[in-house]
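J.: I would like to see how this sequence folds:
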Amino acid sequence: MRTLEIPRPDDWHLHLRDGAALRAVLPHTARRFGRAIVMPNLRPPVTTTAQALEYRERILAALPPGARFEPLMTLYLTDQTAPEEVLRARACAVVHGVKLYPAGATTHSDAGVTALARVEPVLEAMEDCGMPLLVHAEVTDPNVDVFDREAAFLYGQLAPLLERFTRLRVVVEHVTTREAVDFVRAAGDRVAATITAHHLLLSRNAMFAGGLRPHAYCLPVLKRERHREALVEAATGGDPRFFLGTDSAPHGRAAKEAACGCAGIYTAHAAIELYAEAFAAAGALDRLAGFAAEHGPRFYGLPVSGERLRLVESAWQVPAGYPLGDDVVVPLRAGERVLWRLAD
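T.: Alright, predicted model coming up:
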């Protein structure tokens, strides 16, 4: 039985929702991670510093007794965001990024940015104060194939943006393709990327195994096996520009198993354990600590955790579902085994 001890990891891309759903899913993350970048795509979205501070208080109030967890807040970028709001967020010290959703690209993105030219004054302010831009990197043009939307955004929109804003720090969230890995590697130290456990473990075949699998549907969608292999190589290769971001996204069963189902995979229940599986399969367990606990803090200018987390290679069966308010969230590997567990 192998064991692995690493600094307590952080999740650099997480959806916690709000209200009853927040109270249901937060304990899973707080048990595994010391900090998390919390996505702002609530309804209504978190667009101001005041709203971010209020949301942070609701998260802290929902923590289980004795839990040690720090939510790292973000703002939702819109066409109307003012540069002064970014400066206000930077000064408050609890907002750590501004999230760019192209309007219509994913869940609750209808208030997102309609054209990058409309937010250039905000990007200038971000560049000046060192606030990172967190990017959902997909175009929304219906003429672009869904499997090509990430590369189209990176090379068609983000590359020119980086040439114009030469000091802007960017995190490309949940990269899914070989092209995205190559883009980040070529962009220099001011551009980094998060990688999810499900994109390390699954190719797009998982959405169609024996029928249509709605709980394997996420955005950006799972890609071909060659892309999954490129992500594993990037995650396990020791490059500090790649780090852990689960993109764990809870949706109720009814919203997933619908005529027009929601995008999102719930992994918070076993997040670090699933990453351990992926790294073990690649023969790279010694690289998990860097990816999960060191690269992200260094990019964001935060200290690496002084706490430790221990994992044991011991299989356990995932429940068929977890409570989510009045509904149930179906997690990744529902009814199946995860090969690693937390030692405590």
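J.: Start from the N-terminal end of the stretch 151-300 of the chain and give the helices.
T.: 159-164, 178-187, 197-201, 225-236, 253-256, 271-281, 288-289, 295-300 (DSSP state H, counting those that start in this stretch).
J.: And stretch 140-154, what's buried?
T.: By 16 or more other CB atoms under 10 Å, the buried positions in stretch 140-154 come out as Thr140, Val144, Phe147, Arg149, Glu150, Ala151, Ala152, Phe153, Leu154. Glycine gets a C-beta too; all of them are placed from N, C-alpha and C.
J.: cool, and stretch 291-306?
T.: Going by neighbour count (16+ other CB under 10 Å), the buried part of stretch 291-306 is Phe291, Ala292, Ala293, Glu294, His295, Gly296, Pro297, Phe299, Tyr300, Val304, Ser305.
J.: Report pLDDT for the first one.
T.: Phe291 is assigned a pLDDT of 98 by the prediction.
J.: I figured it hits Leu244, correct?
T.: Yes - the pair Phe291 / Leu244 is scored as a contact, 5.8 Å apart, by CB atoms under 8 Å.
J.: Name the residues contacting each of those two.
T.: Tyr275 (CB atoms under 8 Å, 6 or more residues apart in numbering).
J.: list the contacts for the closest residue to Ala192 other than its chain neighbours?
T.: What sits nearest to Ala192 in space, not counting adjacent residues and going by CB to CB, 6 or more residues apart in numbering, is Arg241, at 4.4 Å. Listed by CB under 8 Å, 6+ apart, the contact partners of Arg241 are Val184, Arg185, Asp189, Val191, Ala192, Ala193, His295, Phe299.
J.: Likewise for Gln51?
T.: Shown in contact with Gln51 (CB under 8 Å, 6+ apart): no residues.
J.: Based on its surroundings, how many neighbours for Leu75?
T.: Under the neighbour criterion other CB atoms under 10 Å, Leu75 is assigned a count of 26.
J.: scratch that, Ala258 is what I was asking about
T.: Ala258 is flanked by 12 other residues according to other CB under 10 Å.
J.: re earlier: between the contacts of Arg241, which has the most around it?
T.: When neighbours are taken as other CB under 10 Å, the top entry among the contacts of Arg241 is Ala193 (28 neighbours).
J.: For that one, name its beta-bridge partners.
T.: Note on Ala193: beta-bridge partners by DSSP bridges are Val172, Phe242.
J.: Show the contacting residues for it.
T.: For Ala193, the contact set (CB under 8 Å, 6+ apart) comprises Val171, Val172, Glu173, Val175, Ala180, Val181, Val184, Ala234, Arg241, Phe242, Phe243.
J.: Same question for Arg167.
T.: Residues near Arg167 by CB under 8 Å, 6+ apart: Glu127, Arg190.
J.: where do the strands sit along the stretch 101-250 of the chain?
T.: Assigned by DSSP state E, counting those that start in this stretch, the strands in the stretch 101-250 of the chain fall at 133-135, 170-172, 191-195, 242-244.
J.: So for Leu342, which of the helices of the stretch 151-300 of the chain sits nearest?
T.: Closest approach to Leu342 among those (CB to CB): helix 271-281, 7.0 Å.
J.: Now do that closest one, average pLDDT.
T.: pLDDT averaged over helix 271-281 gives 98.
J.: Which neighbouring elements make contact with it?
T.: helix 19-32, helix 197-201, helix 225-236, helix 288-289, strand 308-312, strand 337-338, strand 341-342 (3 or more CB pairs under 8 Å, 6 or more residues apart in numbering; DSSP states H and E).
J.: can you do 7 Å?
T.: With contacts taken as 3 or more CB pairs under 7 Å, 6 or more residues apart in numbering; DSSP states H and E, helix 271-281 sits against helix 197-201, helix 288-289, strand 308-312, strand 337-338.
J.: for those, which one ends up most surrounded?
T.: helix 197-201 (a mean of 23; mean count of other CB atoms under 10 Å).
J.: Give the other helices and strands that it contacts.
T.: Looks like helix 197-201 contacts helix 225-236, helix 271-281 (3+ CB pairs under 7 Å, 6+ apart).
J.: Return the most buried member of these.
T.: Neighbour counts (mean count of other CB under 10 Å) averaged over each of those peak at helix 271-281, with a mean of 22.
J.: and the angle from that helix to helix 19-32?
T.: Taking axes from the mean of the first three to the mean of the last three CA atoms, to 10 degrees, one finds helix 271-281 and helix 19-32 inclined to each other by 50 degrees.
J.: I'd like the helices of the stretch 151-300 of the chain written out as a markdown table, with distance to Phe69 added.
T.: Listed next are the helices of the stretch 151-300 of the chain as a markdown table, based on distance: least, CB to CB, whole Å:
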| stretch | distance to Phe69 |
| --- | --- |
| helix 159-164 | 33 |
| helix 178-187 | 28 |
| helix 197-201 | 19 |
| helix 225-236 | 24 |
| helix 253-256 | 26 |
| helix 271-281 | 13 |
| helix 288-289 | 19 |
| helix 295-300 | 15 |
